[in-house]
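[1] dropping the sequence and predicted coords here.
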Amino acid sequence: MDSIWTMTGKREERQELRKNLSADAVVIGGGIAGILTAWFLKEAGLETVVLEAAGLFSGQTKNTTAKITLQHGLIYHKLMNKAGGQQAALYAEANRAAIGQYRKMTETLGIDCGFRNCRSYLYTMKDEAVLHQEEEAAKMLGICAEYTTRTELPFQVKGALCFYDQAVFHPLLFLQKAAENLTIYENTKVLTVEGHTVFTEKYQVEGKHIIFATHYPFINVPGFYFLRMHQERSYVLALKNTGQMDNIYYGVDEDGLSFRKSGDILLLGGGNHRTGENKGGGKYRDLRLAAEKMFPRCQEISHWSAQDCMPVDDIPYIGRYSAEYPYWYVATGFRKWGMTGSMTAAMIIKDLVTEGKSRFEEVFTPQRLNLYASAGKLAEEGIESAKGLGKGLFTATPRCPHMGCALEWNPDELSWDCPCHGSRFDSQGRLLDNPAQTDLQGAGTDD
């Protein structure tokens with residue numbers, strides 16, 4: 001089904017690319033990261049072109065819960081321990097600046113997108129000690145945080161950590177305004193990039209700077225992003241008749257739920273799993289059972305799922321794609337926090353393109369070689385890929401055209417999903433999610 005953003009938003013259609021072009025900057029991807037990056041580059045005076053394979057905002061952007069927050073789960077205590085105080089402070093400062101930039105753009109552009117300030121809470125039903133650790137780390141980094149046991153949730157929590165001055169909005173209404181004066185070509189699929197040349201199905205675009213904002217990078221070498229992150233799916237119900245809830249909530253327990261109100265509609269999220277590992281299904285069922293228990297009078301108006309790129313060290317990859325091509329840039333690995341991650345990426349890439357450096361470059365650079373990740377995390381990604389490659393070698397199991405991993409049938413979404421790198425295909429084999437670039441041949445539903 002459609003998300004409430006698609007149901008209530010609007011989108012101006014753009015024509016497809018019909019000739020060869022050249023530009024200062026070429027942005028591949030018409031989601032929130034691509035549009036924001038293009039907006040900043042155009043504001044800086046660069047002739048910028050956006051190439052979108054389908055329609056604007058048709059990828060992960062339309063399925064977000066649209067929380068604009070620097071509260072990214074239990075991140076700051078971990079960063080302080082693994083990356084150090086300076087890097088953790090830069091991470092917090094970059095995401096704080098991202099929130100401020102959303103406020104500024106909404107006001108200066110006069111965007112009517114339901115932008116609303118609120119508080120953001122982490123909560124636990126099991127171990128409040130982890131929240132005390134996170135509170136201590138947050139305060140050391142200058143974040144206005146407060147531990148509490150009082151929330152608006154329909155159940156008693158063991159503990160909660162509140163961050164002040166966060167926000168929510170309608171992402172598609174915001175982006176429609178931001179994209180108004182940008183040069184955008186829809187239904188223009190990029191097949192590959194060689195040096196400064198972007199090759200689409202029919203035409204070529206020359207760019208001094210190339211920005212990959214495709215959610216998951218589709219070029220494997222250089223970069224090797226397929227070795228440094230995986231994808232996860234999560235599920236959302238849109239519910240009416242759930243009562244008042246002014247703030248946003250995220251459960252840190254393994255089975256924790258997400259809560260966020262948009263007008264009179266509550267977005268209830270959960271059911272996280274690695275893409276390609278939901279053979280038993282039941283994620284929507286579990287959310288519905290939880291909803292009925294918490295909100296007996298609730299009414300479901302829609303449901304959908306989303307996909308997130310999960311880097312091994314929990315920090316997005318933002319900056320130069322690889323040392324080999326310093327004029328290529330990438331924005332990926334935002335985990336569950338694509339709103340602030342996308343704005344942070346746009347600001348960093350704009351600075352790198354126009355000034356050659358960014359004050360936040362060091363903490364987010366893809367060239368950091370995962371210094372903050374454990375060897376176990378890196379090995380885990382390799383093991384999962386090996387399992388996917390080795391599975392079903394002597395059966396009719398469909399295989400992903402990206403790198404040949406065996407696909408799994410997802411009964412909740414009626415899709416073929418790749419457990420290695422997260423590509424997805426519908427029951428007829430049509431491509432749903434990258435990094436694969438072609439449809440699946442000979443697929444059928446798993447009966």
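    Received, thanks.
[2] where are the low-confidence patches of the chain?
    Across the chain, the ranges flagged by pLDDT under 70 are 369-396, 442-447.
[3] which ones are touching residue 434?
    214, 215, 216, 218, 423 (CB atoms under 8 Å, 6 or more residues apart in numbering). C-betas here are computed from N, CA, C, even on glycine.
[4] contact partners of the longest helix belonging to the chain?
    Counting residues, the longest helix found in the chain (DSSP state H) is helix 85-108. Applying CB under 8 Å, 6+ apart, the external contacts of helix 85-108 come out as 68-70, 72, 75-76, 79-80, 83, 111, 113, 115, 137-138, 140-143, 165-167, 169, 174, 178, 315, 337, 339-341, 343-344, 347-348, 359-360, 362-364, 372.
[5] which of the contacts of residue 434 are buried, as a ChimeraX select command?
    Selection of buried members from these for ChimeraX, criterion 16 or more other CB atoms under 10 Å:
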select :214,215,216,218,423
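[6] how close does the most centrally placed residue in the chain sit to residue 274?
    A centroid search over the chain (CA atoms, centre = their mean) returns residue 338, at 3.9 Å, as the residue closest to the centre. As for residue 338, its distance to residue 274 is 18 Å (criterion: CB to CB, to the nearest Å).
[7] any buried residues in the longest helix of the chain, and which?
    87-99, 101-102, 105-106.
[8] next: stretch 111-124.
    Those would be 111, 113, 114, 115, 118, 119, 120, 121, 122, 123, 124, for stretch 111-124 by 16+ other CB under 10 Å.
[9] could you do stretch 21-38 as well?
    Within stretch 21-38, the residues scored as buried using 16+ other CB under 10 Å are 21, 23-38.
[10] before we move on, the earlier item: so can I have TSV of the buried residues of stretch 111-124 showing secondary structure and distance to residue 197?
    Below are those laid out as TSV (DSSP: H, G, I helix; E, B strand; the rest coil; distance: CB to CB, whole Å):
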residue	secondary structure	distance to residue 197
111	coil	35
113	coil	36
114	coil	41
115	coil	39
118	strand	45
119	strand	48
120	strand	43
121	strand	48
122	strand	46
123	strand	50
124	strand	51
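[11] so for the residue nearest to the centre of the chain, what's the nearest residue that isn't a sequence neighbour?
    Spatial nearest neighbour of residue 338, excluding adjacent residues (CB to CB, 6 or more residues apart in numbering): residue 64 at 5.8 Å.
[12] pull the number of nearby residues for the one you found.
    24 (other CB atoms under 10 Å).
[13] now the strands for the stretch 251-400 of the chain?
    258-262, 265-274, 299-311, 317-322, 325-332 (DSSP state E, counting those that start in this stretch).
[14] can I get the ones you listed in JSON lines with distance to residue 436 and mean neighbour count?
    Output for these, formatted as JSON lines (distance: least, CB to CB, whole Å; neighbours: other CB atoms under 10 Å):
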{"stretch": "strand 258-262", "distance to residue 436": "28", "mean neighbour count": "21"}
{"stretch": "strand 265-274", "distance to residue 436": "17", "mean neighbour count": "20"}
{"stretch": "strand 299-311", "distance to residue 436": "13", "mean neighbour count": "19"}
{"stretch": "strand 317-322", "distance to residue 436": "19", "mean neighbour count": "23"}
{"stretch": "strand 325-332", "distance to residue 436": "15", "mean neighbour count": "22"}
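[15] and of these, who's closest to residue 197?
    strand 325-332 (11.6 Å; CB to CB).
[16] which neighbouring elements make contact with the closest one?
    Identification of packing neighbours for strand 325-332 by 3 or more CB pairs under 8 Å, 6 or more residues apart in numbering; DSSP states H and E yields strand 204-212, strand 317-322, helix 338-355.
[17] for those, give me a markdown table that also has distance to residue 239.
    Shown next, in a markdown table, are those (distance: least, CB to CB, whole Å):
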| stretch | distance to residue 239 |
| --- | --- |
| strand 204-212 | 36 |
| strand 317-322 | 34 |
| helix 338-355 | 21 |
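[18] looking at those, which is closest to residue 290?
    Across the helices and strands packed on strand 325-332 (criterion: CB to CB), the nearest stretch is helix 338-355, sitting at 23.9 Å.
[19] elements contacting the closest one?
    Against helix 338-355 (3+ CB pairs under 8 Å, 6+ apart) you get helix 32-43, strand 67-68, helix 85-108, strand 317-322, strand 325-332, helix 361-364.
[20] partners of the shortest one in the sheet?
    Same thing as strand 67-68. strand 159-168 (antiparallel) (DSSP bridges).
[21] against residue 35, how distant is the spatially closest residue to residue 201 that is not a sequence neighbour?
    Spatially, and ignoring its direct neighbours in sequence, residue 201 is nearest to residue 189 (5.3 Å; CB to CB, 6+ apart). As judged by CB to CB, residue 189 and residue 35 stand 18 Å apart.
[22] then residue 356?
    In terms of CB to CB, residue 356 sits 24 Å off from residue 35.
[23] the residue nearest to residue 338: what's it in contact with?
    5, 32, 171, 306, 338, 339.
[24] one more time with 7 Å, if that's ok
    Neighbour list for residue 64: 171, 306, 338, 339 [criterion: CB atoms under 7 Å, 6 or more residues apart in numbering].
[25] okay, these in TSV with distance to residue 246 next?
    Formatted as TSV, the contacts of residue 64 follow (distance: CB to CB, whole Å):
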residue	distance to residue 246
171	19
306	23
338	22
339	18
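[26] among the residues you listed, which one lies nearest to residue 417?
    residue 306 (13.3 Å).
[27] that closest one and residue 234 touch, don't they?
    Yes. Taking CB atoms under 7 Å as the definition, residue 306 is a contact partner of residue 234 at 5.7 Å.
[28] my read: residue 132 touches residue 145, true?
    No. In this structure, residue 132 is not within contact of residue 145 by CB under 7 Å, at 10.8 Å.
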